[in-house]
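Q: Okay, predicted coordinates and the sequence, questions at the end:
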Amino acid sequence: MSDSPKRPDTNPSTTSSSMAIARQPILDAKRTVFGYELFDRSLTNGTYSAASDAALLFNLLSNADSEMRNTSKTIFINCTHRTLAGGHLELIEPDRVVLEVPPMPEDQSEPEDIETFLQTMIDVHRRGFRLAFDQTVMSPAYANWLPLASFVKVENNRVSTDQLRTIVRGLAEHPGIQLVVEKIETQEDYEAALSAGAKLFQGYWFSRPILVKGQTIRPAQAAIIHLINLVRNQASTAEIEEVFKHDPTLSFNLLRFINSAGFGLSCEITSFRHAVMLLGLKKLFRWAALLMTTSGAAGATPAVGYAAVVRGRLMELLAAELLPPEECDNAFVVGIFSLLDTMLGMPMREALESISLPQSVTDALLHNKGVLAPFLQLTLACENADDTLFAETAISLHLTGDQVNWAHLQALAWSDNITA
């Protein structure tokens, strides 16, 4: 991993019209991350607000240094009809981009208006972009739009389970179209949509920690906790190596992480002793924390581990703008362990009692205070609908939209490389 990737120009004069992005995961039936919908929050008069046009987001993604070019995840972007008709789409590659197209505005929803706009979408589709529509596209008035669809998105709170089943049956006649059920807010919502036949899901519920009660720490998790404690107490290499000798899976996962593309080493590390010699115990602390995302707690899903990795890297990169290197490593651990309660299936306070952690990490996770707490709040705000918290935290840290965006996109791409 490169510790000093190229950062954007942060001169205030270059960021007056900048925007900030938020993300929401789209998961498959196994709750593995299929892709992300990216939202843009433009900075206007010193405050962030949701923007109605995707032009700024297209400009951001087109940046030659944007790490999103390397991500394997599908990116969904909301568009206006004006955006599709403009030249902004020339800025981005269509391979992994889905354009979400709204129905025609009410004052332009006459049959001739709907038909007139069809040619614009045909042109966009021919250039390789996939298109997503809401369920309106299944109505007779939009019959000519439906063959262009790769996705149909349905808001869970606007249809009953029976209606959703009807939509699933209707789309079965179009095997090239995938259904995405949005606004999944509870486990009951997810299970109802799944039972109706949906295969892709989106909603803030997937971004929230989901505590599965009554679990015990699994052997793999206990081994990782033991490893973290040994590393934190600066145990000898021989003592730490014993942990790996008794748990080959742990050793394999650590070496897989360290040798991944995200780490950026010029030579392959073949043993834990080699890793200690090259990295030192301080760096191994963060990688030991990263191992927890592979531990597979009962009830936790692949998306939980992936979200923890994104949080860790995002926090580290945000902290790198303002804090010394040691605290950046701690910021990484805070991001990873912000989902520790979900991964272990127990309350956060109880989960942390068995792990030796720096005080700044504990303060942020348990008390929402200390030097790392605002970075955690900003990281969480990148996943939810709290625009006010997002704006207040970014401004209090004196971070520009460009800095937050750069860190966010880097974190998503880095996590792909680490978890692939």
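A: Arrived safely. This one's a predicted model, so the numbers in the text were calculated from it and none came from an experiment.
Q: going forward, measure contacts and count neighbours with C-alpha atoms only.
A: Fine.
Q: Which residue ranges of the chain form strands?
A: Here the chain has its strands, by DSSP state E, at 19-28, 33-44, 47-50, 74-78, 97-100, 130-134, 149-155, 178-182, 200-202.
Q: got a list of contacts for the fourth one?
A: The set of residues that contact strand 74-78 without belonging to it, under C-alpha atoms under 8 Å, 6 or more residues apart in numbering, is 34-39, 53-54, 96-101.
Q: That strand: how far from the chain's middle?
A: Relative to its parent chain, strand 74-78 has a centroid offset of 12 Å by C-alpha atoms, centre = their mean, to the nearest Å.
Q: Identify the neighbouring strands of that strand in the sheet and state each direction.
A: strand 33-44 (parallel), strand 97-100 (parallel) (DSSP bridges).
Q: Lowest average confidence across the ones you listed, which one?
A: In terms of average pLDDT, strand 33-44 trails the rest of the strands paired with strand 74-78, at a mean of 75.
Q: Tell me where the model's unsure across this structure.
A: Across the chain, residues meeting the criterion (pLDDT under 70) sit at 1-19, 40-56, 63-70, 106-109, 207-216, 261-264, 296-300, 385, 419-420.
Q: Could you chop it up by domain?
A: Domain segmentation of the chain under automatic domain parsing yields 12-207, 219-419.
Q: so how far is the last one off the chain centroid?
A: For domain 219-419, the distance between its averaged C-alpha position and the chain's averaged C-alpha position is 15 Å (C-alpha atoms, centre = their mean).
Q: same check, this time on the first one
A: With C-alpha atoms, centre = their mean as the basis, domain 12-207 stands 16 Å off its chain's centre.
Q: All the helices of the stretch 51-200 of the chain, in order from the start?
A: Per DSSP state H, counting those that start in this stretch, the stretch 51-200 of the chain carries helices over the ranges 55-62, 81-85, 111-126, 161-171, 187-195.
Q: If you could redo that for the stretch 251-400 of the chain, that was the one I meant.
A: Counting by DSSP H, counting those that start in this stretch, the stretch 251-400 of the chain has these helices, from start to end: 272-279, 281-291, 302-320, 325-337, 340-344, 348-353, 359-362, 373-381, 387-396.
Q: So which of the ones you listed is nearest residue 178?
A: Taking C-alpha to C-alpha, helix 302-320 is the member of these nearest to residue 178, at 19.7 Å.
Q: Show me what that closest one is packed against.
A: Contacts defined by 3 or more C-alpha pairs under 8 Å, 6 or more residues apart in numbering; DSSP states H and E place helix 302-320 against strand 33-44, helix 325-337, helix 340-344, helix 373-381, helix 401-419.
Q: repeat that with 7 Å
A: Under the contact definition 3 or more C-alpha pairs under 7 Å, 6 or more residues apart in numbering; DSSP states H and E, helix 302-320 sits against helix 325-337, helix 373-381, helix 401-419.
Q: can I get those in CSV with distance to residue 236 and mean neighbour count?
A: Listed next are the helices and strands packed on helix 302-320 as CSV, based on distance: least, C-alpha to C-alpha, whole Å; neighbours: other C-alpha atoms under 10 Å:
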stretch, distance to residue 236, mean neighbour count
helix 325-337, 21, 24
helix 373-381, 32, 22
helix 401-419, 27, 22
